[in-house]
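Engineer: Could you look at this predicted model? Sequence included:
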Amino acid sequence: MNARTTHLTDAELAARKAQLEARLGELTTRLEKIEDHLDDAPEKDWSEAAQAAENNEVLEGLGLAGAREIEAIHAALKRIENGTYGICVKTGEPIEAARLDLMPWTPVSGKAARG
């Protein structure tokens with residue numbers, strides 16, 4: 001385990017961890033539903049099949065975005081475990097609470113994200 005560098009209290013870390021785990025559960029459920037839908041038998045009617053193909057493209061995009069967010073959440077949970085959560089991986093500075101409120105899985109501060 002790394003030395004603790006986070007500026008957050010144990011209570012704040014516990015709340016962030018619960019928030020991340022809840023979001024992880026939501027995303028996992030959503031991705032399972034997407035996979036189930038994509039596994040459905042194709043439509044026999046050509047116009048319905050065309051519409052289903054378009055819908056599937058949208059669902060695949062949502063699935064990929066969800067999978068990326070899941071990866072980011074796992075990384076954030078690892079940073080909590082390592083004691084580095086809330087510290088920008090680019091600058092080493094604390095990530096603003098407002099940014100963590102919007103994106104609790106973010107590894108960078110708003111300043112680092114903007115360049």
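Structural biologist: Right, received. Where do you want to start?
Engineer: The residue most central in space within the chain is in what secondary structure piece?
Structural biologist: With distances taken as Cα atoms, centre = their mean, Glu69 lies nearest the centre of the chain, 2.5 Å away. Using DSSP states H and E, Glu69 maps to helix 46-82.
Engineer: what's the next helix-or-strand element following that helix in contact with?
Structural biologist: Later in the chain than helix 46-82, the nearest helix or strand by DSSP H and E is helix 97-102. By Cβ atoms under 8 Å, 6 or more residues apart in numbering, the surrounding residues in contact with helix 97-102 are Arg16, Gly86, Thr106, Ser109, Gly110. All C-beta spots, glycine's among them, are computed from the backbone N, C-alpha and C.
Engineer: Tell me the one of these nearest Leu8?
Structural biologist: When these are compared for distance to Leu8 (Cβ to Cβ), Gly86 wins out at 4.8 Å.
Engineer: The closest one reaches Ile95, doesn't it?
Structural biologist: Yes: between Gly86 and Ile95 there is a contact under Cβ atoms under 8 Å: 5.3 Å.
Engineer: Distance of Val108 relative to Ala75?
Structural biologist: 12 Å (Cβ to Cβ, to the nearest Å).
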